[in-house]
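Chemist: Would you be able to build a 3D model of this:
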Amino acid sequence: MIDIQEFADRLGVGRRYTDVVGKEVEISLQSRIAALGAMGYPIHDAEKLEQAALQEEREYYERILDPVQVIRDGDPHTIYIRTRADLSEDAKISWTLTFEDGKVLEETVPLYEIEIASYRTVQDVEYDTRRFFLPHELVWGYHSFKVKIVDGARHYEALMSLIKTPLTCYVPQEMLEGLKVWGVSVQLYALRSKNNWGVGDFHDLKDLLRAIARHGGHFVGLNPLHAGYPANPDPDMVSPYSPSSRQWLNIIYIRIEDIPEYATCEKASILVSSKAFQQKLKALRDREFVDYRTVLELKLQVLRTLFDSLRLDDRRSHRGRKFLDFIEEGGESLLCMATYDALQASLYAKGKNAWGWTEFPKEYQQSGSPFVQSWRKEHLDDVRFYCYLQFIAQEQLEDAYEVAVKEKMLIGTYRDLAVGVAPGSCDVWADEKEIYRRKASVGAPPDPLGPLGQSWGLSPMDPKRLKEVAYKPLIDLYRSNMRSCGALRIDHAAGLSRLWWVPPENNPTDGAYVTYPMHDLLGIIALESQRNKCVVIAEDLGTIPNELRVALKEARTFSYKLFFGERAADGGYIAPQDYEPQAMSALTTHDMATLVGWWGDLDLSLGVKLGVYTETDAGRIGADRAICKQRILDSLHGLLSVGPEVPAFAQEIKNMTPQLQQGLQVHMCRGSCALFSSQLEDWIGVEKPVNIPGTFREYPNWRRKLTANVDEIFSLPYVIKLTAAMSDARKMASKDYYK
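Modeler: Below you'll find the predicted structure:
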């Protein structure tokens, strides 16, 4: 009879964990079994479950080679080969090592020359595990290793992906020498300008990068730019952290007027310049919140006009060749993204509420089905149109990054990688290898901020299936998100070690941790980071295993330090000068109140109104906050981060003042962290938050805009003074670099 606990151990389902306050928590057997069910095992049929476990065990030993091996610098170049013990020692083993650049090494030797490291009897069959030493030093890259064994009439073959990686991620030499820089974080859609269409776009990003660089900053951190759902009319399905695809871009950020074809398309130009169209654009710009649906409708109307008028899919023109090369390079992934969007739009046009692939007609619920392939051929023009949108979006993102390069920004564009995708997403629909697990949601165990645990509605990747496909989906993911940027933030970096899986029948409190191959994932991230010259920032807040914290530091990823979370044992705030240098610090994030909102307790009154807090909760938090405010002032005055114009007593400051706001920014810039990220809305006194965790339709999350245009912000005397003070403070903190 199968030992269910031991089987769960083998598959990486945790038995216990240490929570955020240091308490060891036991994971129940029921939760562990539910996690196995989410992985696809028949947990309700003991006989079938035992058969599945035995089959897996047999397959592992019969496989000869693991599907993938990651060798990081310093690791022994050793490959383990599994063979049946009854093979003749005179059997021949041929091996072929194929390097990424096409170079090939091969040799045939007697099997007895490959030493036996261990042996084991499995289901009455004895297997040897042989230790093979690669005779050639590997360079960083993606290689393959093939083995063929011939023993009389018996033949065995196996192929392994062999990945050689660096130990550390890329860090600019200036930062290694001690340079400390500042930048801003912003939700791209929130940017206002005189010429955008009611949503921040890639042209606004260029303007912001240029402005930040000329005021002394070195990066602009963005919300995830992942593809959304352009056909979905639901105004609340817009979270950048619940995308349709993490490999492709959100086409809402396209600036129509910057498309080369627009200048030569009279039909599109006439449409946009019409009085009615311009009135709609003005109304969209004037709104407090982004109207995604109307913006998309207008942009898609003009984009389709461009595509239909100019026929870009023609190799006789340079532009056409570039577009068709983009389609070829994007491969099946791009075609799936474009097919999904085109099919979803078609179904909505027919009155079907096709919010996700689970609502598609049954014959279209698998991307590889013959029905989908047939639909793609019949609607090739529509599919290529959505490929065109990705082509333009990628082109404009690259153009924005080029601005940062020309302005000599150390990092420039800084992107954000969401932890997962929604169950109804394109990425799950296109998952023919069954890597995403549809019967589980990623979340978090209970902690003081979420005593009932969390379930984020995102489908986790199965670590076992990832290994079987040699991590290709993750390699593609990291590679695509490190394009056109100088830094990548990995949201919920705990997922590099483990993720909290919550099966649909369970409450978030009854989830279980599933382990991921941390060594392999960090190696792949380091390889792509070095190749793309992309700094990696690991969002390591919350319940993080200590071994992961150590591994992240050794891999030269940058930790994440939030001022309001860095409290000392006595309740005071840790001085930023005492933060971990290999980190990015910030005052607030998109999930927190703005500085104005926090100091004025506006988030508490709004939370009560929305049902996030009870009056009692809000009162308790408010009382603690009053103490916090005083401790903050004590720190600022104690370290001379503010002058005498800022009162020493919190009760004298009812609302956040420009002087106090600047003092906080300077306080952080004097700190030891290599990077400091300031939120643009705090510079102009925005009150309303970006997102209120725990709400969905109760608050317009991910839609609030800034209260001033980009060009207006940087002409404000206060902002000019603030950025100069921040730059001076960073130079002071970088004193070793400037020696």
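Chemist: V372: which element?
Modeler: Using DSSP states H and E, V372 sits in helix 370-378.
Chemist: now swap in S118 and tell me
Modeler: Using DSSP H and E, S118 maps to strand 115-122.
Chemist: could I get that strand in CSV with only the CA atoms?
Modeler: Extracted C-alpha coordinates of strand 115-122, given in CSV (Å, rounded to 0.1, in the frame of the first residue of the first chain):
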residue,chain,number,x,y,z
GLU,A,115,31.6,3.9,-13.0
ILE,A,116,28.7,2.7,-10.9
ALA,A,117,27.9,5.3,-8.2
SER,A,118,25.0,3.5,-6.6
TYR,A,119,22.4,0.8,-7.3
ARG,A,120,18.8,0.1,-6.3
THR,A,121,16.1,-2.5,-6.7
VAL,A,122,12.8,-1.1,-7.9
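Chemist: For that strand, which residues meet the burial criterion?
Modeler: Judged by neighbour count (16 or more other C-beta atoms under 10 Å), strand 115-122 contains no buried residues. From N, CA and C alone the C-beta is placed, and that goes for glycine too.
Chemist: Can you spell out which helices and strands pack onto it?
Modeler: Counting contacts by 3 or more C-beta pairs under 8 Å, 6 or more residues apart in numbering; DSSP states H and E, strand 115-122 packs against helix 46-62, strand 125-133.
Chemist: what does the last one contact?
Modeler: Spelled out, it's strand 125-133. The contact list for strand 125-133, computed with C-beta atoms under 8 Å, 6 or more residues apart in numbering, reads 61, 76-86, 95, 111, 114-121.
Chemist: List the buried residues for the biggest helix by length in the chain?
Modeler: Longest helix in the chain by number of residues, with DSSP state H as the criterion: helix 318-349. By neighbour count with 16+ other C-beta under 10 Å, helix 318-349 contains the buried residues 323-324, 326-327, 330, 333-348.
Chemist: Run the angle between it and helix 370-378 for me.
Modeler: 130 degrees (axes from the mean of the first three to the mean of the last three C-alpha atoms, to 10 degrees).
Chemist: And helix 318-349, what does it pack against?
Modeler: Helix 318-349 packs on strand 245-249, helix 370-378, helix 380-406, helix 426-429, going by 3+ C-beta pairs under 8 Å, 6+ apart.
Chemist: Repeat the analysis, applying 6 Å as the threshold.
Modeler: When contacts are defined as 3 or more C-beta pairs under 6 Å, 6 or more residues apart in numbering; DSSP states H and E, helix 318-349 packs onto strand 245-249, helix 380-406, helix 426-429.
Chemist: how about these in a markdown table, adding mean neighbour count, mean pLDDT and distance to W501?
Modeler: Compiled in a markdown table, those are given as follows (neighbours: other C-beta atoms under 10 Å; pLDDT from 0 to 100; distance: least, C-beta to C-beta, whole Å):
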| stretch | mean neighbour count | mean pLDDT | distance to W501 |
| --- | --- | --- | --- |
| strand 245-249 | 26 | 98 | 19 |
| helix 380-406 | 21 | 97 | 31 |
| helix 426-429 | 27 | 98 | 15 |
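Chemist: Same list (those) but as CSV, adding distance to T168.
Modeler: What follows is the helices and strands packed on helix 318-349, written out as CSV (distance: least, C-beta to C-beta, whole Å):
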stretch, distance to T168
strand 245-249, 24
helix 380-406, 23
helix 426-429, 29
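Chemist: Specify the stretch among those that is closest to H136.
Modeler: strand 245-249 (33.0 Å; C-beta to C-beta).
Chemist: Touching the closest one from outside, list them.
Modeler: With C-beta atoms under 6 Å, 6 or more residues apart in numbering as the test, strand 245-249 has contacts from 225-227, 333, 337, 390, 393, 418, 421, 426-427, 477, 480.
Chemist: cool, stretch 588-606 as well?
Modeler: Residues contacting stretch 588-606 (C-beta under 6 Å, 6+ apart): 618, 622, 655-656, 661, 679, 681-682, 685-687, 689-691, 693.
Chemist: mind checking how far L134 is from V109?
Modeler: Shown here: L134 relative to V109, a distance of 14 Å by C-beta to C-beta, to the nearest Å.
Chemist: Looking at those two, which is more packed in?
Modeler: Legend: neighbour count by other C-beta atoms under 10 Å for L134 and V109, higher for L134 (18 against 12).
Chemist: phi, psi of the closest residue to the more buried one other than its chain neighbours?
Modeler: Closest residue in space to L134, ignoring its immediate chain neighbours: H77 at 3.9 Å, by C-beta to C-beta, 6 or more residues apart in numbering. The phi and psi values for H77, taken as degrees, to the nearest 10, are phi -80, psi 70.
Chemist: There's contact between H77 and P135 in this structure, I believe.
Modeler: No. Using C-beta atoms under 6 Å, H77 is not in contact with P135, being 8.6 Å away.
Chemist: Which one's more surrounded, the two?
Modeler: Just comparing H77 and P135: by other C-beta under 10 Å the higher neighbour count belongs to H77, 15 against 10.
Chemist: Quick check: that one vs V139, distance?
Modeler: 12 Å.
Chemist: Let me know the angle separating the strand holding S118 from helix 46-62.
Modeler: 160 degrees.
Chemist: Quick one: residues contacting A418.
Modeler: P224, H226, Y241, P243, R246, D491 are the contacts of A418 under C-beta under 6 Å, 6+ apart.
Chemist: Chain neighbours aside, what residue packs nearest to L410?
Modeler: H218 (4.2 Å).
Chemist: Could you pull up the residues touching E468?
Modeler: P67.
Chemist: so where does E547 fall, helix or strand?
Modeler: helix 546-554.
Chemist: Show me how far that helix is from its chain's centre.
Modeler: Its chain's C-alpha centre and that of helix 546-554 lie 19 Å apart, by C-alpha atoms, centre = their mean, to the nearest Å.
Chemist: which residues touch that helix?
Modeler: Contacts with helix 546-554, where a contact means C-beta under 6 Å, 6+ apart, come from S497, M518, L522, A538.
Chemist: how far away is the nearest residue to I259 once chain neighbours are set aside from V405?
Modeler: Leaving out its chain neighbours, the residue that sits closest to I259 by C-beta to C-beta, 6+ apart is I392, at 5.7 Å. I392 sits 20 Å away from V405 when distances are taken as C-beta to C-beta.
Chemist: Next: Q679.
Modeler: Q679 is 24 Å from V405, by C-beta to C-beta.
Chemist: Repeat that for W429.
Modeler: 36 Å.
Chemist: Repeat that for Y229.
Modeler: 32 Å.
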